[in-house]
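Novice: I'll drop the sequence and a predicted model, then ask my questions.
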Amino acid sequence: MRDQFYNYIQNLQKTITDELERVDGKAKFKKDEWQRDGGGGGLTMVMDEGNVFEKGGVNISRVYGDLPESLQKALNVSSGKFFACGLSMVIHPKSPKVPTTHANWRYFEMYDEAGNVVDHWFGGGQDLTPYFLDEEDAVHWHTVCKKVCDAHHPDFYAKYKKECDDYFWNSHRGEARGLGGLFFDYLKPTEEFDVNFWYDFVTAVGDSFLEAYIPIVEKHKNEAYTEADREWQEIRRGRYVEFNLIHDRGTLFGLKTNGRIESILMSLPKHVQWHYNHQPEPGSEQEKLVKVLMNPREWV
């Protein structure tokens, strides 16, 4: 399964980067292969200063070795030998009218001292972080998420949509990072759902990403915007940074396993601002977004 899933994310990385280059029309992804001390490595692909995308990364990794004792305790495992592979992506568009997006799909194995698999699971998801609220975009995004979930189980969309809302929550701010999507973790084989079922589900979600995101980009990429719009975008990006450095499990896992720092911090935007006690104007489009972030909605 680990080889099967790694082969999948290699192909998905190429599919996504090819399409993002097409949409941008200028920037090309730069390839950076790397090796990890302790075992494994990956391929980081980064785009910079395009027509549409200011900064974007679509990374795959395949790492293994021994978990630090702190993570063994967090995962409640007696052996620290692990394997993990996944694709992680963050796209920061130039225009404040185009949402930022993040996605990640991953597979994890734990081993005993003899090298036998003692636990394995999938995780991942995708979410949308706009700077201005377009309800049609939110409905489209969530409709794609629901469609792929419904094809596998009628309860999945409601469950993983809620997990997304709960996970991408800046608790220190009392607001969501964005409009959500899907989030799932520890998808382990059971009598009802074997490992191949979870593989099919997670890869179907991965395959749906471009259908969910690209129409939104195409809709807004040529819209006019002001310097004030741009400033608002950079202020909201500050909340994105706060979540990734304070709460995000993937970032913390990478830092605690001596991961490659450039790949880990690839998710951070290029231009960002923090203002003291910034509040949007009452009745403004900015306030409209913040009110939704404080009270996540059901979109479909």
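Specialist: Alright, I've got the coordinates.

Novice: which parts of the chain are helices?
Specialist: Here the chain has its helices, by DSSP state H, at 2-24, 69-75, 135-150, 156-167, 195-220, 227-246, 249-256, 261-264, 285-294.

Novice: what lies in contact with the first one?
Specialist: Under the contact criterion Cβ atoms under 8 Å, 6 or more residues apart in numbering, helix 2-24 has outside partners 27-29, 43, 45, 47, 50-53, 56, 58-60, 62, 83, 85-87, 89, 91, 105, 107, 109, 122, 199, 203, 206-207, 209-210, 214, 217-218, 221. In this view, the C-beta of every residue, glycine as well, is placed from N, C-alpha and C.

Novice: ChimeraX command for the buried members of those?
Specialist: Burial among those is assessed by 16 or more other Cβ atoms under 10 Å; the matching ChimeraX selection reads:
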select :27,29,43,45,47,50,52,53,56,58,59,60,62,83,85,86,87,89,91,105,107,109,122,199,203,206,209,210,217,221
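
Novice: so which of the helices of the chain gets nearest Arg173?
Specialist: Arg173 lies closest to helix 227-246 among the helices of the chain, at 6.4 Å (Cβ to Cβ).

Novice: residue ranges in the stretch 51-200 of the chain under the pLDDT threshold?
Specialist: Residue ranges of the stretch 51-200 of the chain with pLDDT under 70: 70-71, 74-79.

Novice: export the helices of the chain to JSON lines and tack on distance to Ser95?
Specialist: Converted to JSON lines, the helices of the chain look like this (distance: least, Cβ to Cβ, whole Å):
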{"stretch": "helix 2-24", "distance to Ser95": "12"}
{"stretch": "helix 69-75", "distance to Ser95": "39"}
{"stretch": "helix 135-150", "distance to Ser95": "13"}
{"stretch": "helix 156-167", "distance to Ser95": "24"}
{"stretch": "helix 195-220", "distance to Ser95": "7"}
{"stretch": "helix 227-246", "distance to Ser95": "8"}
{"stretch": "helix 249-256", "distance to Ser95": "26"}
{"stretch": "helix 261-264", "distance to Ser95": "26"}
{"stretch": "helix 285-294", "distance to Ser95": "15"}
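
Novice: of all those, which lies closest to Phe183?
Specialist: helix 156-167 (3.8 Å).

Novice: mind giving me the packing neighbours of that closest one?
Specialist: strand 117-129, helix 135-150, strand 180-187 (3 or more Cβ pairs under 8 Å, 6 or more residues apart in numbering; DSSP states H and E).

Novice: the most centrally placed residue in the chain pairs with what?
Specialist: Geometric centre of the chain, nearest residue: Ala103, 2.7 Å, by Cα atoms, centre = their mean. With DSSP bridges as the criterion, Ala103 is bridged to Met89, Gln126.

Novice: so it sits against Gly123, correct?
Specialist: No - contact criterion Cβ atoms under 8 Å: Ala103 and Gly123 do not qualify, at 11.9 Å.

Novice: count of residues packed around the nearest residue in space to Asp185 that is not next to it in sequence?
Specialist: Take Asp185 and drop its neighbours on the chain: the residue closest to it by Cβ to Cβ, 6 or more residues apart in numbering is Gly123, 3.9 Å away. If you count neighbours by other Cβ atoms under 10 Å, Gly123 ends up with 20.

Novice: what sits against Gly123?
Specialist: 104-108, 184-187.

Novice: quick one, which of the residues you listed are buried?
Specialist: 104-108, 184, 187.

Novice: among those, which one sits closest to Pro68?
Specialist: Phe108 (15.2 Å).

Novice: state the distance from the residue nearest to that closest one when sequence neighbours are not counted to Gly65.
Specialist: Using Cβ to Cβ, 6+ apart and skipping residues adjacent in sequence, the residue nearest Phe108 is Ala84, 4.9 Å away. Going from Ala84 to Gly65 by Cβ to Cβ, to the nearest Å gives 10 Å.

Novice: and Ser95, by the same measure?
Specialist: For Ser95 relative to Gly65 (Cβ to Cβ), the value is 41 Å.

Novice: so what's the residue count around Trp274?
Specialist: For Trp274, using other Cβ under 10 Å, the count is 12.

Novice: that one contacts Arg236, correct?
Specialist: No - look at Trp274 against Arg236 with Cβ under 8 Å: they stay out of range, at 10.9 Å.
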